Every structure is written in C-alpha cells, then in structure tokens.
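Visitor: Got a sequence here, can you build the structure:
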Amino acid sequence: MLMRKFLLMVPALLALAACSDEQTSQVPAGDIETGKTMAAEHCSGCHGLDGRGLATDIPDLAGQKTEYLADALTAYKDGRRHHAALRDLVSEMDETTIASLALYYSSLPPLEAGTSQVTQSVTGSSYHEGKAIAEICTDCHGDNGYSETPGTPSLAGQQPAYLIVSTLEYVNGSRGHAEKEAMLQGLQQVDIEKMSFYFAAQSPPVRGQAPFGDPARGEPLSAACGECHGARGISHEPLVPSLAGQEPNYLADAIRAYRDHGRDHDVMMTDRTDAEIEDIAAFYAVQSAEPAVSRLAEVEKLAAKCDRCHASTTGTLSIAVPSLRGQNQEYLVNAMKAYRDENRGSSMMHKMSASYSDETIEALAAYYSSDSGQN
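Guide: You can find the predicted model right below:
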C-alpha cells in the first residue's frame with residue numbers, strides 16, 4: 001500500500017536501474033557492417049535496425065556505449081545475466097561477432113526523446129493519476145491545492161500521510177462534512193493516496209500578508225506550536241500538518257475551534273485571545289512553504305549522482321554502465337523495480353534502490369526518458 005511504503009521510505013541516494021556488477025573487459029576490434037548484418041538477422045525483431053525497443057520491457061540500444069553492450073551480451077552468454085532467448089542467441093557468437101554487434105548499435109544516433117513506439121509520457125504514473133483525481137478539489141482548494149478562498153485550507157505542500165488520513169475521515173463520515181463525504185464517494189484508498197502525494201509534491205507560492213494580525217507579534221507566540229509543527233510551520237512529522245503558507249482565515253478559525261472545543265484535540269487546546277490567534281495565523285501565513293514530497297528538483301539533484309557513472313566519459317570506471325538518457329521509460333521502471341526487488345542480479349544496485357518507492361522510480365524514469373539521449 002502506497003501509504004505504508006511512504007511511511008517506511010527513507011530515500012537517500014538515488015541511482016539508476018541499469019548499473020551492473022560486471023567487470024569491463026577490453027572490447028575486441030569489431031566491424032560495423034558485420035554488426036549490422038547480425039542485427040538485421042537476429043536483433044531487429046525486438047530492437048529494430050535503428051536500435052528502438054519495440055515493447056515495454058525491451059530497451060533502446062541506439063547510441064549506447066560499446067563497452068556496455070559488449071559486456072551485456074557476454075553476460076548473457078556466460079550466464080551472469082538470465083534470459084533464455086538471448087542466451088541461445090549469443091551462445092554461438094565469438095568475441096569479435098559480439099563486438100561487431102555492439103559497435104553497430106553504439107554507432108547509431110541516440111533516439112530523440114519521445115520517439116519510442118512505447119509511450120514515453122508519464123500520464124500513467126501515480127503522480128499524474130493523482131493530479132487527475134485532484135481536479136475534484138480545485139473549485140474549493142484552488143489550482144494545485146493553493147487556496148486563495150478565505151476560510152478554505154491549502155493542500156499544496158502538505159504532509160501526504162496527514163492528507164490521506166484526513167481525507168479518509170471525510171470519506172467515512174467521522175469529520176462530519178456531508179458535502180465532502182458525497183464528493184469523495186467512489187474513490188478507493190489508493191486513489192486518495194495518489195491524490196495526496198500529488199498535493200504533497202506541489203510548491204506553494206509565498207502568500208501575501210494576512211488582512212489581520214501582525215506576523216512580528218505572532219512569531220514568539222508560535223513557539224509552542226513549533227514543538228509539533230516544526231520550525232516556521234514546516235512539519236517533518238507524517239501525521240502533523242504543516243502550517244507555513246496556510247490560508248490565514250482558515251488557520252485562525254481552526255485555532256479558535258480548538259480553543260472553544262469545536263475541535264477535539266487535547267494537545268491543541270489553548271487559552272490564546274482572538275488577537276493572539278490572529279497574530280499567530282498572520283505569522284504562519286507569510287512563511288515560505290515547501291513540498292513535503294520533493295519531485296523534479298530532488299530528482300534532478302539525485303540524478304546528478306547517477307550521472308557520475310551513467311554519464312561518465314572518462315573510460316576509467318571498473319564496471320560497464322549504460323547511458324540512460326532517452327531510454328524507454330517503461331523499461332527503466334521495470335529494470336529499477338527488478339533491482340530493488342532482487343529480481344535482477346546486482347548487489348550494488350539492490351543496496352542503493354532497496355528503499356525506493358514506486359513513485360520515486362517512476363519520477364526518475366520519466367526524468368531520463370524525457371531527455372534527448374545526448375550526453
């Protein structure tokens with residue numbers, strides 16, 4: 001279940017799916033024309049003469065590194081990689097033939113992003129499915145969950161686990177909101193999880209000053225709130241909401257409701273005056289918020305770590321690694337999940353990917369597949 005995966009997930013370093021433990025050996029001299037002939041006879045049915053994978057679990061080969069392709073073919077031959085059809089195909093090939101085949105595909109220009117016959121869009125990822133589901137919330141909570149309607153909370157950048165639990169409480173009626181209960185009917189829990197992750201990944205804009213209260217007076221008054229809700233209202237606790245950048249009228253109303261017992265929460269009971277509550281709400285409203293689930297920026301930052309191997313042009317690496325840019329997206333997703341789940345042999349890749357969520361893998365695959373393939 002997505003929520004459980006999130007709560008257990010502690011992503012650290014990201015690495016991409018095609019790393020290999022195989023040692024790189026010197027590739028014998030090959031011949032491109034021989035390789036082209038072999039490709040036409042034995043490989044084009046799956047990889048095409050232009051190196052384009054023709055199914056979701058078939059990678060693009062065009063423009064890949066010669067050393068990596070030769071090493072991969074050799075690994076199928078000697079059993080370090082397991083694929084019955086490929087093992088049979090290369091079993092009778094000598095080193096020169098393998099080198100020629102690798103040389104041919106590596107000599108082809110990388111495919112342009114999005115040209116694979118397998119769809120390269122990310123419309124099937126849980127992130128984009130969540131975005132579609134979130135449309136039912138736009139009228140009240142604003143585009144991407146950023147509310148500009150007085151009294152209506154923002155959802156953008158909120159903790160996903162908090163959003164999931166809150167939404168489920170509306171669905172089952174325990175929050176006592178008949179309109180929302182009716183609106184959410186028909187959504188399965190997995191739909192709510194996807195929607196929550198979408199909202200959590202949004203970056204809320206900086207909000208202008210509230211029409212009431214004084215942020216400067218509210219800052220010292222917020223000290224007690226910070227024990228749970230984090231510095232300047234940015235929560236790092238899954239079930240504790242962030243307050244930074246929140247719609248101020250909603251926030252003031254919520255605090256008053258806890259004070260006046262309109263909301264039931266022992267820890268949130270307070271004896272603040274109306275003026276103090278407005279100052280606290282005004283303080284939190286103008287704080288810079290951030291996504292609780294970082295997506296593109298984090299993917300770009302962490303993909304840079306992957307590129308230390310996968311975009312290396314020094315030729316000094318002790319392992320054979322493929323290029324990833326412009327690669328078939330669904331192939332990358334399948335490969336990364338196989339490494340994570342130990343269904344594909346590479347102890348190094350398993351160690352690095354063991355904590356990856358499906359969402360993280362899909363985001364990485366989308367990032368690399370959308371590139372032109374030019375390193």
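Visitor: could you list every residue that touches the residue lying closest to Ala354 once chain neighbours are set aside?
Guide: Distances taken as C-beta to C-beta, 6 or more residues apart in numbering place Arg340 nearest to Ala354, at 6.1 Å, with adjacent residues excluded. In this view, the C-beta of every residue, glycine as well, is placed from N, C-alpha and C. By C-beta atoms under 8 Å, 6 or more residues apart in numbering, the contact set of Arg340 is His350, Ser353, Ala354, Tyr356, Ile361.
Visitor: and if you look at Thr66?
Guide: Taking C-beta under 8 Å, 6+ apart, we find Thr66 in contact with Val27, Ala99, Ala102, Leu103, Ser106.
Visitor: and the residues you listed as a markdown table, adding secondary structure, distance to Ala134 and pLDDT?
Guide: Converted to a markdown table, these look like this (DSSP: H, G, I helix; E, B strand; the rest coil; distance: C-beta to C-beta, whole Å; pLDDT from 0 to 100):
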| residue | secondary structure | distance to Ala134 | pLDDT |
| --- | --- | --- | --- |
| Val27 | coil | 50 | 64 |
| Ala99 | helix | 51 | 91 |
| Ala102 | helix | 46 | 89 |
| Leu103 | helix | 49 | 92 |
| Ser106 | helix | 43 | 90 |
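Visitor: of those residues, closest to Phe197?
Guide: The shortest approach to Phe197 among the contacts of Thr66 belongs to Ser106, at 38.3 Å (C-beta to C-beta).
Visitor: related to what we said a few turns ago, which two of the contacts of Arg340 have the greatest separation?
Guide: His350 and Ile361 (13.4 Å).
Visitor: More neighbours: which of those two?
Guide: Ile361 (23 against 17; other C-beta atoms under 10 Å).
Visitor: Tell me the buried residues in the helix or strand hosting the more buried one?
Guide: Assigned by DSSP states H and E, Ile361 falls within helix 358-369. Under the neighbour-count criterion of 16 or more other C-beta atoms under 10 Å, helix 358-369 has Glu359, Thr360, Ile361, Glu362, Ala363, Leu364, Ala365, Ala366, Tyr367, Tyr368, Ser369 buried.
Visitor: Quick one: neighbours of Ala40, just the number.
Guide: 12.
Visitor: Apart from its neighbours in sequence, what residue is nearest it?
Guide: Per C-beta to C-beta, 6+ apart, closest to Ala40 is Leu49, 6.1 Å.
Visitor: next one: Arg87
Guide: Tyr76 (5.2 Å).
Visitor: What score does that neighbour have for pLDDT?
Guide: The model reports Tyr76 with a pLDDT of 88.
Visitor: if I look at Glu41, how far off is Leu101?
Guide: Glu41 sits 10 Å away from Leu101, taking C-beta to C-beta, to the nearest Å as the criterion.
Visitor: Tell me which of these two has more neighbours.
Guide: For Glu41 versus Leu101, the count of surrounding residues by other C-beta under 10 Å is larger for Leu101: 29 against 9.
Visitor: The more buried one: which element?
Guide: helix 95-107.
Visitor: List the buried residues of that helix.
Guide: Buried residues in helix 95-107, counted by 16+ other C-beta under 10 Å: Glu95, Thr97, Ile98, Ala99, Ser100, Leu101, Ala102, Leu103, Tyr104, Tyr105, Ser106.
Visitor: Same list (those residues) but as TSV, adding distance to Pro220.
Guide: Output for those, formatted as TSV (distance: C-beta to C-beta, whole Å):
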residue	distance to Pro220
Glu95	74
Thr97	76
Ile98	71
Ala99	71
Ser100	74
Leu101	71
Ala102	67
Leu103	70
Tyr104	70
Tyr105	65
Ser106	64
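Visitor: With respect to Asn328, which of these is nearest?
Guide: Taking the buried residues of helix 95-107 together and measuring to Asn328 by C-beta to C-beta, the closest member is Tyr105, at 14.2 Å.
Visitor: show me where pLDDT drops low in the stretch 101-250 of the chain?
Guide: Counting by pLDDT under 70, the stretch 101-250 of the chain contains low-confidence residues at 113-125.
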